[in-house]
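In: Provided below are the primary sequence and the corresponding predicted coordinates.
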Protein chains: 2
Amino acid sequence: MAEANTRRRARGGGGAARRAERTAVRIETAKYIERNIPNFEVLNDEALEIIETNAETVLEEVGVNFVDNPAALERWRNAGADVDGERVRIPRGLARELIKTAPSQFTQHARNPEKSVVIGGRNLVLAPVYGPPFVRDAQGGRRYATMDDFNKFVKLAYMSKWLHHSGGTVCEPTDIPVNKRHLDMLMAHMTLSDKPFMGSVTDPSRAQDSVEMCEILFGKEFVQENTVMTSLTNINSPMTFDDVMMGSLEVYARNNQACIISPFIVGGAMAPVSVAGTLTQVLAEVLAGIAYSQIIRPGAPAIFGAFVSSIDMNSGAPTFGTPEAAHITYGAGQLARRLGVPYRSAGSFCGSKLPDAQAAYETANSLNMGLLSGVNFMLHACGWLEGGLVADFEKFVMDADQLGALHALAKGVAYDENAQAMDAIREVGPGGHYLGCAHTQANFQSAFWKTDLLDYKPFETWEEEGARDTRMLASVRVEHLLANYQQPQLDPEKLAALTAYVEEKKASMPDAFT
Amino acid sequence: MAEANTRRRARGGGGAARRAERTAVRIETAKYIERNIPNFEVLNDEALEIIETNAETVLEEVGVNFVDNPAALERWRNAGADVDGERVRIPRGLARELIKTAPSQFTQHARNPEKSVVIGGRNLVLAPVYGPPFVRDAQGGRRYATMDDFNKFVKLAYMSKWLHHSGGTVCEPTDIPVNKRHLDMLMAHMTLSDKPFMGSVTDPSRAQDSVEMCEILFGKEFVQENTVMTSLTNINSPMTFDDVMMGSLEVYARNNQACIISPFIVGGAMAPVSVAGTLTQVLAEVLAGIAYSQIIRPGAPAIFGAFVSSIDMNSGAPTFGTPEAAHITYGAGQLARRLGVPYRSAGSFCGSKLPDAQAAYETANSLNMGLLSGVNFMLHACGWLEGGLVADFEKFVMDADQLGALHALAKGVAYDENAQAMDAIREVGPGGHYLGCAHTQANFQSAFWKTDLLDYKPFETWEEEGARDTRMLASVRVEHLLANYQQPQLDPEKLAALTAYVEEKKASMPDAFT
């Protein structure tokens, strides 16, 4: 059980602390992926230069809208843009110039320092699904998500060896008032897990609450000098930056917290029907968004986001794991690297209603392309179902198991003397077998990726055990993980302060459900 | 229904022929994939050179066994190898020198010239699953395969737009005597389909029968001057070339027919537990095998094969779609290209017992890696289940649908003026949408890959229609395709001659079931 190994902590504290330490457990989490394989690139230099030139043309001639946000318009005017009503036209080169202050990589700190992540460079940080209003599992079917579901997903992410990040809105806790949800969600990430997490973006005041809760958890000075949240600010494609998302971005950037500036694109609807056209628009939008973050605070961490799906032109439904989405994901990775900022894309995307073969084909297509395209931060890396409407418990652990395979793939191929295995080939010779040879004995435990879920049993054994499909195996694993969950320790004073903060905030306003 | 478009044939003949033509249909088959994307490469030059040097060392110092085949030993001795008993040690450089006569690409002719394929270069030819003794479908469960099943798979492959090749032993027709099976299987490929196919390798005499049946179908001279079969000769790894496979290879090479020289490797059992060690052994085996084909007939087409799976070190079960298999597949592609011969690897590999999520994850991992690793001939591209023990009807059409996505992915990204879509971006502007714009209207029909199987319907519609999973959708599609199958025409004289040949052969020997 790789994901639930328990070890006693090495360091103790006072008497009560020591007693607490003795019963504490530590869940194994893999280090974020440090790629030792190349990126896969589908665009040649000519195509890249055309797209970059066209994106600047779009910014200069068409421009972008900053809606209901007079302060943003004033900032853009001061930065040298041509502002006409809410339309901001950005002279060629200005956005790239502004972006020069954005870091190429940054550390997002976790409250457990061992779980801090470096986002950018050759790294890949994996975070769970974000945003579904529904959940599904084999027993309960499809239903509105609740805070109880939310807590379970945070626990599952904490238990997963392959998730480096606790994510944000792992599902929408629809039983909690809209204006208070973010408080409970942040409390869950802060208390049920010790992995890094995301802040609220549904209102600038909630972003501010997120920052204040982090100031309690990490210390006020620490937050100002370091990044402790990476949050998702979507662009209303095409080329519209609304006041809610930009208001949240302003809060985060001002406080040195990271934002993923992410066009939200269903190709053919929110962007042109062609890959090159979509990449042009994505680049223009990201240039405007990251530049704006640097106007707010030069040096604030920002991520080049690209959420892309294609469209079924018959029904208008978004489609996932498609070749066109792959082209865009590969291409956007190239554009992000040329721009010199971290890149977010891909995930366990699928359109299927069930965690079945369709879901797995689409998801595997997306996960592989995410690894090979050079993604640095992969939101939705597990648990996504039905076009993002559903967070699925079984698929969460199914996808998480596949994330382990990405870790192994990213390691690349060793070719030192041990890996060359010439002694083994000489020892075994024609017609022999390698199972018992010295090289195999010395290396087999680390040679192959190991699943925690999939079935390799002989047919007869599998049949005797109930002929279970992947979903049924996953259902057992979900229950097992939740039954073995143990909460990571948190300084009782911090817990009390966080609890008081949340209670006070909740008491300060009536419930709102819209 | 892209896969079953029917068109009247353009060319007619005499009266009866014209009447036949009027009712004939033509099933749409895509051209083999011509890649317009790069290959993905995991090995650097230093690693490649080490592996190549080590492979030569293996051939020189350890050598390979040619078993029960005195003529082969004599041939090797004459070619300059050091022969000791059945052990053949090949001096450094000799195998590569011999391989220089092997073509870097070749045409395999189909009886329908429009369906001939070019194997090698940047191309990818897709062929169905090969070898399973069992079949499975949703209605009948898992059972021994019969000739009736075999015929159905040949029909499904004929109906698939994305399969360029009819394959060989799509399943083992266990109701037909072992010594007569190949005759019925070849008849099925020759009469139920007009795509290229594979010959028998289970005995040299059956390879000879395959050649003779092709001489009837294509004409004797045509067969001698052209390649009309690509057959699978496995190597008994490690480094053993048995008389059955080599006897078949001798027949095929002598007759200018193509052989896939394919180490059959479960890593850790038939090869070292490391990727670099496995690649070294694979290269040594392929060097020896292709060199031997060139000793038989210089210029005979030969393919660098690599069937690789990793192993579950707990149970010894082979595992599929794993990162280690991916490393080997990517690396072997690099070695094949440096050697200058076509490359066969990958497929719809999975270990799952059902066409469920596990099967689809593993298969999607393998198919993607097959495309990106530069495979030229992908056997097992659809229908593989349970480690190759089972040919699954539903998975056959599920995988075949994914093969369509590979075609689209391989096209790469257009960046001409239309693809740049600047007019569309200007027309739509911030806050608009692209569904109705001129560029979308002009391009939407060809913009996105279209599935023939997967479900994109709204949840409510999907639920009303029975909440079907992928397997159930595939079951419907299998029935639909088989119900709409129409046999391609074959010259009645050739059909009569083939029938007579098979009857005569069958009458010439008693049934044998081992």
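Out: Ah, there it is.

In: Could you use CA atoms for every contact and neighbour count after this?
Out: Noted.

In: Count the neighbours of the closest residue to residue A:511 other than its chain neighbours for me.
Out: What sits nearest to residue A:511 in space, not counting adjacent residues and going by C-alpha to C-alpha, 6 or more residues apart in numbering or on different chains, is residue A:177, at 5.5 Å. A count of nearby residues for residue A:177, using other C-alpha atoms under 10 Å in any protein chain shown, gives 15.

In: Next, the residues that contact the helix or strand where residue A:51 lies from outside, please.
Out: Assigned by DSSP states H and E, residue A:51 falls within helix A:45-57. Counting contacts by C-alpha atoms under 8 Å, 6 or more residues apart in numbering or on different chains, the residues outside helix A:45-57 that touch it are A:91-93, A:276-277, A:279-281, A:283-284, A:335, B:415, B:420, B:422.

In: Next step: those residues restricted to strands.
Out: Of the positions in the contacts of helix A:45-57, not one sits in strands, assigned by DSSP state E.

In: Would you mind checking which of those residues is nearest to residue A:268?
Out: Proximity of the contacts of helix A:45-57 to residue A:268 was ranked by C-alpha to C-alpha; the top entry is residue A:277 with 9.9 Å.

In: Could you pull out the buried residues of the helix holding residue A:51?
Out: Of the residues in helix A:45-57, those buried by neighbour count under the rule 16 or more other C-alpha atoms under 10 Å in any protein chain shown are A:47-48, A:51-52, A:54-57.

In: from those, which is closest to residue B:227?
Out: Compare each of those with residue B:227 using C-alpha to C-alpha and the shortest gap goes to residue A:47, at 39.5 Å.

In: tell me the pLDDT at that closest one?
Out: Listed pLDDT for residue A:47 reads 98.

In: Between all of the contacts of helix A:45-57, which two are separated the most?
Out: The span of the contacts of helix A:45-57, defined through C-alpha to C-alpha, is set by A:91 and B:415 at 24.0 Å.

In: rewinding a little: highest neighbour count among the contacts of helix A:45-57?
Out: residue A:281 (31 neighbours).

In: mind checking how far that residue is from residue A:58?
Out: To residue A:58, residue A:281 is 8 Å away according to C-alpha to C-alpha, to the nearest Å.

In: how about JSON lines for the buried residues of helix A:45-57, with distance to residue B:116 added?
Out: Conversion of those to JSON lines gives the following (distance: C-alpha to C-alpha, whole Å):
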{"residue": "A:47", "distance to residue B:116": "33"}
{"residue": "A:48", "distance to residue B:116": "36"}
{"residue": "A:51", "distance to residue B:116": "38"}
{"residue": "A:52", "distance to residue B:116": "42"}
{"residue": "A:54", "distance to residue B:116": "42"}
{"residue": "A:55", "distance to residue B:116": "44"}
{"residue": "A:56", "distance to residue B:116": "47"}
{"residue": "A:57", "distance to residue B:116": "47"}
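
In: for those residues, which one is nearest chain B?
Out: Distance ranking of those against chain B, using C-alpha to the nearest C-alpha, places residue A:47 first at 6.1 Å.

In: phi, psi of residue A:377?
Out: Backbone torsions of residue A:377, given as degrees, to the nearest 10, read phi -130, psi 110.

In: For it, list each beta-bridge partner.
Out: Taking DSSP bridges as the rule, residue A:377 bridges to residue A:125, residue A:344.

In: Run a quick neighbour tally on it.
Out: In terms of burial, residue A:377 registers 29 neighbours under the definition other C-alpha under 10 Å.

In: and what of residue A:510?
Out: If we define neighbours as other C-alpha under 10 Å, then residue A:510 has 10 of them.

In: How much space separates it from residue A:179?
Out: If you measure residue A:510 against residue A:179 using C-alpha to C-alpha, the figure is 9 Å.

In: Likewise for residue A:121?
Out: Taking C-alpha to C-alpha as the criterion, residue A:121 is separated from residue A:179 by 37 Å.

In: same deal with residue A:502?
Out: With the distance defined as C-alpha to C-alpha, residue A:502 ends up 12 Å from residue A:179.

In: try residue A:261
Out: 23 Å.

In: which residue is nearest the middle of chain A?
Out: Centre of chain A computed as the mean C-alpha position; nearest residue by C-alpha atoms, centre = their mean is residue A:379, 2.1 Å away.

In: Quick check, it in contact with residue A:343.
Out: No - between residue A:379 and residue A:343 there is no contact, the gap being 10.9 Å when judged by C-alpha atoms under 8 Å.

In: returning to what we had before: what touches both of residue A:281 and residue A:58?
Out: Common contact partners of residue A:281 and residue A:58 (C-alpha under 8 Å, 6+ apart): residue B:425.

In: Which residue of residue A:261 and residue A:179 possesses the greater neighbour count?
Out: Higher neighbour count among residue A:261 and residue A:179: residue A:261, with 28 against 18, using other C-alpha under 10 Å.

In: Let me see the backbone angles for the more buried one.
Out: Taking degrees, to the nearest 10, you get phi -90, psi 110 for the backbone angles of residue A:261.

In: sorry, back to before: quick one: the contacts of helix A:45-57 as TSV, columns for distance to residue B:448 too.
Out: What follows is these, written out as TSV (distance: C-alpha to C-alpha, whole Å):
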residue	distance to residue B:448
A:91	34
A:92	32
A:93	33
A:276	13
A:277	14
A:279	15
A:280	18
A:281	18
A:283	21
A:284	23
A:335	22
B:415	16
B:420	16
B:422	19
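
In: Count the neighbours of residue A:84 for me.
Out: Around residue A:84 sit 12 other residues, with neighbours defined as other C-alpha under 10 Å.

In: Number of residues surrounding residue A:439?
Out: In terms of burial, residue A:439 registers 22 neighbours under the definition other C-alpha under 10 Å.

In: Surely it is within a helix?
Out: Yes - the secondary structure assignment for residue A:439 places it in a helix, going by DSSP: H, G, I helix; E, B strand; the rest coil.

In: Can you tell me how far it is from residue A:95?
Out: Noted for residue A:439: a distance of 56 Å to residue A:95, by C-alpha to C-alpha.

In: The residue nearest to residue A:511: what's it in contact with?
Out: The contact partners of residue A:177, taken as C-alpha under 8 Å, 6+ apart, are A:511-513.

In: low pLDDT regions in chain A?
Out: A:1-26 (pLDDT under 70).

In: Quick one: check the longest helix seen in it for contact with chain B.
Out: In chain A, assigned by DSSP state H, the helix with the most residues is helix A:275-296. Yes - for helix A:275-296 and chain B, the contact criterion (C-alpha under 8 Å from any C-alpha of the partner chain) is met by A:275-277, A:280-281.

In: Which of these sits closest to residue A:172?
Out: Here the nearest of the residues of helix A:275-296 next to chain B to residue A:172, counting by C-alpha to C-alpha, is residue A:281; it sits at 29.5 Å.

In: Isn't the closest one up against residue A:271?
Out: Yes - here residue A:281 lies in contact with residue A:271, judged by C-alpha under 8 Å, at a distance of 6.8 Å.

In: Overlap in contacts, the two.
Out: Residues within reach of residue A:281 and of residue A:271 at once, by C-alpha under 8 Å, 6+ apart, are A:238, B:425.

In: what residues are up against residue A:167?
Out: Contacts here follow C-alpha under 8 Å, 6+ apart; on that basis residue A:167 touches A:127-130, A:196-198, A:379.

In: Which of those fall in helices?
Out: Restricting these to those inside helices, with DSSP H as the criterion, leaves an empty set.
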